[in-house]
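Participant: sequence below, structure please.
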Amino acid sequence: MDEQRDVAGVSCIADGPDSWFAELVLERGGTLEVVIPAEEYRESLPADHQPLYDRLLSRAAAVHRTGMTASDSAAHMAGSEVLVGLSDLLLAVWDGKPAWGYGGTADVVGYARGRGVPVRVVWPEGAER
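Facilitator: Predicted coordinates:
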């Protein structure tokens with residue numbers, strides 16, 4: 001008998017891999033928890049992404065907030081710290097290069113590793129950022 005594991009995902013549901021991950025979790029019957037880095041976060045996302053953000057947010061089983069207002073790099077890192085704290089494993093779509101600015105993927109991966117959270121890096125061969 002195959003035992004199916006419950007799938008739970010945590011995401012800030014930014015445009016790109018964050019949202020793709022959230023969609024896959026929900027498509028597979030999993031539970032989505034959303035971390036909102038700042039009260040102004042939604043407005044800082046690309047306008048064409050906001051409808052998907054709203055749909056995913058409406059399907060969240062839980063929503064976690066940092067309490068910050070401005071959607072800046074400090075808030076994004078704080079949101080990532082909350083996300084890591086809620087996670088048993090961090091999936092990182094990352095090319096292994098330094099972050100472009102504070103709170104980028106390199107910083108989040110380093111934070112997770114420093115907290116003992118396993119990290120699985122996904123980077124397709126030939127992909128470029």
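
Participant: how far does the lengthiest helix in the chain sit from the chain's center?
Facilitator: In the chain, assigned by DSSP state H, the helix with the most residues is helix 73-85. Between the mean C-alpha location of helix 73-85 and the chain-wide mean there is a distance of 9 Å, by CA atoms, centre = their mean, to the nearest Å.

Participant: what sits up against it?
Facilitator: With contact meaning CB atoms under 8 Å, 6 or more residues apart in numbering, helix 73-85 is reached by 10-12, 35-38, 41, 64, 66, 68-69, 90, 101-103, 107-108, 111-112, 115, 117. For every residue, glycine as well, the C-beta is placed using N, CA and C.

Participant: just the buried subset of those, please.
Facilitator: 10-12, 35-38, 41, 64, 66, 68, 90, 103, 107-108, 111-112, 117 (16 or more other CB atoms under 10 Å).

Participant: helices of this protein, residue ranges please.
Facilitator: Using DSSP H, helices in the chain cover 17-27, 41-44, 50-58, 73-85, 105-114.

Participant: just say which of these is most tucked in.
Facilitator: Each of the helices of the chain was scored by mean neighbour count; the highest is helix 73-85, a mean of 20, by mean count of other CB atoms under 10 Å.

Participant: now residue 49: closest residue in space that isn't a chain neighbour?
Facilitator: Nearest residue to residue 49, sequence neighbours excluded (CB to CB, 6 or more residues apart in numbering): residue 15, at 3.9 Å.

Participant: residue 113 too?
Facilitator: residue 119 (5.8 Å).

Participant: so the residue nearest to residue 49 sits against residue 46, correct?
Facilitator: Yes - assessed by CB atoms under 8 Å, residue 15 is found in contact with residue 46 at 5.5 Å.

Participant: these two - which one has more neighbours?
Facilitator: residue 15 (14 against 10; other CB atoms under 10 Å).

Participant: could I get the phi/psi values of that one?
Facilitator: phi -70, psi 150 (degrees, to the nearest 10).
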